[in-house]
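In: Kindly generate the corresponding structure for this input.
(one chain, ligands or ions: 1)
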Amino acid sequence: MAKTALLKLDDKEYPLPVMEGTEGEKAIDTRTLRASSGYIAYDQGYGNTGSCESQVTYLDGDNGILRHRGIPIEQLASYSDFVETSYLIIYGELPTPALRKEFGLRLRKNAAVETQIQKILEGFPTSASPMAMLSAMVAALPAYHPELATNHFENDLKNFDLAAAIAISKIRTMVSMIYRYQKGLPFMFPKQELPFADNFLHMMFSEPYQDYVAPPEVAKALNLVLLLHADHEQNCSTSTVRMVGSSQANMFTSMSAGICALSGPLHGGANVAVMQMLQSIHDEGDDGTRFIAAAKSGSKSNRLMGFGHAVYKNFDPRAKIIGEACDTVLKRLGIDDPLLTIAKNLEQAALKDDYFVSRKLYPNVDFYSGIIMRAIGIPMNMFTTMFAIGRSPGYIANWKEVASNPKGRIYRPRQIYVGPKQRDYVPMNRRGE
Ligand code: ACO
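Out: Numbers count the residues shown, from 1 in each chain. Okay, the predicted model is just below:
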């Protein structure tokens with residue numbers, strides 16, 4: 001017999017269905033509560049609200065588990081690469097060699113960005129935020145691919161494979177264009193013969209008549225950074241993609257909104273904040289002690305950036321992988337980065353400190369990702385755009401779930417109104433008469 005929860009309110013009982021996911025996650029379905037009782041479920045920030053059923057990613061924050069389509073992130077990080085993991089996240093299965101080739105070819109063929117979109121970029125002051133530039137360029141994609149972005153789920157799903165490849169491949173190219181535009185360098189065309197990560201590094205760092213050929217360690221490190229960001233369940237930006245998509249907005253538009261959500265320092269912008277923090281500790285000649293003391297004050301502006309996570313309350317499995325990779329990559333590239341030493345000292349000190357231990361605050365993926373990106377040659381102001389390239393398969397897979405759900409409805413939360421009660425209109429200039 002199906003399980004129900006019983007809610008007792010004002011001597012009346014309301015049975016509510018109970019749901020259970022494949023990994024035993026439990027929920028009380030409150031959808032009928034308002035109609036039957038007049039009450040809504042209140043959950044500011046949605047920290048305890050399931051907004052959807054999803055088959056893409058399983059995350060158990062208490063036990064530090066992250067799996068895409070059932071496969072643990074540790075295995076993907078060891079054996080897969082960003083393109084293959086993207087396929088898995090988007091299509092639900094690892095590709096056969098033939099499907100992997102086909103997918104790779106679609107990415108390679110759709111790497112170039114339209115000249116008109118280049119002009120949109122050139123309309124920005126070079127000092128503008130790279131994330132603002134990226135979201136604007138992605139928002140412009142429907143104008144140049146109207147047949148893929150009709151704002152009609154059935155139509156848009158017919159062309160899904162091409163739209164997905166365009167989104168992943170062009171977002172990568174756009175990021176390299178933003179970097180070069182800000183530096184006043186000529187744009188580099190993508191090279192069809194290069195793999196995804198190598199092509200990005202070529203578009204970033206090649207010079208006219210002098211190709212940048214990425215050392216294998218660098219391309220591998222980039223693949224790892226992108227792969228570790230590929231999806232992360234219902235985070236702020238992915239939920240934004242789903243919310244915008246639920247209005248039947250096309251995939252590109254929904255992704256552009258996700259990129260805007262990603263730009264904040266508590267989300268995708270955290271890796272920049274981590275590097276700024278490490279740099280200022282270095283510049284002040286501090287060993288991190290003062291920073292830790294300030295972080296314990298409880299003030300939001302003094303937080304130890306790269307520490308804590310909204311859902312991981314044990315450890316962030318991605319942080320473990322990237323922390324280890326940091327050592328290997330820097331060693332292989334012969335880089336001795338003093339910020340890595342500071343980061344390690346901070347981590348050791350915080351992990352012994354009761355303030356952090358009792359609040360279950362551990363390093364998150366951003367604590368070390370900036371150091372690897374710096375070693376690859378990515379400047380700090382571009383870090384969040386790198387996160388956006390990495391997260392694109394997650395946005396696509398989540399948009400697809402929304403678009404393919406025949407029972408889906410527009411996302412429309414409710415609120416508890418706490419403003420003034422009804423009052424009459426009295427123009428300000430008559431008040432003193
Ligand atoms: N440094 C110091 N104290 C912290 C930190 C931190 N980084 N994070 C949380 N705390 C403290 C809070 O002050 C609070 O203390 P209190 O109980 O004494 O009031 C307690 O820990 C719980 O904090 P919440 O804000 O409730 O934790 P929440 O889960 O809502 O926040 C968040 C998670 C936003 C990630 C937070 O830990 C934070 O701001 N971290 C720094 C920013 C960061 O690294 N963001 C990246 C997230 S990962 C990503 O987006 C890929």
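In: just checking, what packs against the helix or strand hosting residue 6?
Out: Using DSSP states H and E, residue 6 maps to strand 4-9. With contacts taken as 3 or more Cβ pairs under 8 Å, 6 or more residues apart in numbering; DSSP states H and E, strand 4-9 sits against strand 12-20, helix 33-37. For glycine as for every other residue, the C-beta is placed from the backbone atoms N, C-alpha and C.
In: Count residues in the vicinity of residue 374, would you?
Out: 19 (other Cβ atoms under 10 Å).
In: Would you mind giving the secondary structure of it?
Out: Under DSSP: H, G, I helix; E, B strand; the rest coil, residue 374 falls in the helix class.
In: ok so, going back, reformat the helices and strands packed on strand 4-9 as TSV; add mean pLDDT.
Out: Formatted as TSV, these follow (pLDDT from 0 to 100):
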stretch	mean pLDDT
strand 12-20	97
helix 33-37	96
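In: What sits closest to the residue in the chain that the ligand sits nearest to if chain neighbours are left out?
Out: Nearest residue of the chain to the ligand, counting by Cβ to the nearest ligand atom: residue 308, 2.2 Å away. Leaving aside its chain neighbours, residue 308 sits nearest to residue 361 (4.3 Å; criterion: Cβ to Cβ, 6 or more residues apart in numbering).
In: where does the one you found land on pLDDT?
Out: For residue 361, the model assigns a pLDDT of 91.
In: Which helix or strand contains it?
Out: Using DSSP H and E, residue 361 falls within no helix or strand.
In: That one and residue 113, how far apart?
Out: Per Cβ to Cβ, to the nearest Å, residue 361 is found 40 Å from residue 113.
In: and the two? which has more neighbours close in?
Out: Using other Cβ under 10 Å as the criterion, residue 361 and residue 113 rank with residue 113 on top: 26 against 20.
In: wait, what's in contact with the nearest residue to the more buried one once chain neighbours are set aside?
Out: Excluding the flanking residues, the one nearest residue 113 by Cβ to Cβ, 6+ apart is residue 173, at 5.0 Å. By Cβ atoms under 8 Å, 6 or more residues apart in numbering, the contact set of residue 173 is 111, 112, 113, 190, 200, 203.
In: who's in contact with the residue nearest to the fifth one when sequence neighbours are not counted?
Out: If the residues on either side of it in the chain are set aside, residue 200 comes closest to residue 172, at 5.1 Å by Cβ to Cβ, 6+ apart. For residue 172, the contact set (Cβ under 8 Å, 6+ apart) comprises 111, 196, 199, 200, 203, 389.
In: by contact count, what packs against the worst-scoring helix or strand of the chain on mean pLDDT?
Out: For the chain, the helix or strand with the lowest mean confidence is helix 289-295, at a mean of 86 (criterion: mean pLDDT, DSSP states H and E). Other elements packing on helix 289-295 under the criterion 3+ Cβ pairs under 8 Å, 6+ apart are helix 270-284, helix 338-352.
In: Show me what counts as buried in that helix.
Out: For helix 289-295, the neighbour count (16 or more other Cβ atoms under 10 Å) marks 291, 292, 295 as buried.
In: Start and end of stretch 52-69, how far apart?
Out: 16 Å (Cα to Cα, to the nearest Å).
In: so how far is that stretch off the chain centroid?
Out: Mean-position distance between stretch 52-69 and its chain equals 15 Å (Cα atoms, centre = their mean, to the nearest Å).
In: does the residue nearest to residue 308 really touch residue 350, like I thought?
Out: Yes: if you go by Cβ atoms under 8 Å, residue 361 and residue 350 touch, sitting 7.1 Å apart.
In: Pull up the overlap in contacts between the two.
Out: 304, 307.
In: how is this protein carved up into domains?
Out: Domains of the chain are assigned by automatic domain parsing as 4-66, 79-263+380-404, 270-376.
In: deepest of the ones you listed, which one?
Out: domain 79-263+380-404 (a mean of 20; mean count of other Cβ atoms under 10 Å).
In: does it come close to the ligand?
Out: No: on the criterion Cβ under 6 Å from any ligand atom, domain 79-263+380-404 is out of touch with the ligand, staying 6.6 Å away.
In: what's the span of that domain from first residue to last?
Out: 30 Å.
In: Does residue 264 lie in a helix or a strand, and which?
Out: Applying DSSP H and E, one finds residue 264 in no helix or strand.
In: And it, what's its pLDDT?
Out: 90.
In: for the one 4 residues further on, same thing?
Out: Each residue has a pLDDT score; the one for residue 268 is 89.
In: Could I get the contacting residues of the closest residue to it other than its chain neighbours?
Out: Distances taken as Cβ to Cβ, 6+ apart put residue 262 closest to residue 268, at 3.6 Å, once the chain neighbours are dropped. By Cβ under 8 Å, 6+ apart, the contact list for residue 262 reads 131, 236, 237, 268, 269, 384, 387, 388, 391.
In: The residue nearest to residue 113: which element?
Out: Assigned by DSSP H and E, residue 173 falls in helix 160-183.
In: could you point out which element follows that helix?
Out: Going down the chain from helix 160-183, the next helix or strand is helix 196-205, by DSSP H and E.
In: Okay, angle between that following helix and helix 160-183 too, please.
Out: Put simply, helix 196-205 runs at 30 degrees to helix 160-183, going by axes from the mean of the first three to the mean of the last three Cα atoms, to 10 degrees.
In: Residues contacting helix 196-205, please?
Out: Applying Cβ under 8 Å, 6+ apart, the contact partners of helix 196-205 are 81-83, 104, 107-108, 111, 169, 172-173, 175-177, 179-180, 187-191, 194, 211-214, 218-220, 222-223, 226, 376-378, 389.
In: do stretch 311-329 as well
Out: So stretch 311-329 is contacted by 59, 61-66, 72-74, 77, 217, 220-221, 224-225, 228-229, 233, 309, 340, 347, 360, 362-365, 367-369, 371-372, 375 (Cβ under 8 Å, 6+ apart).
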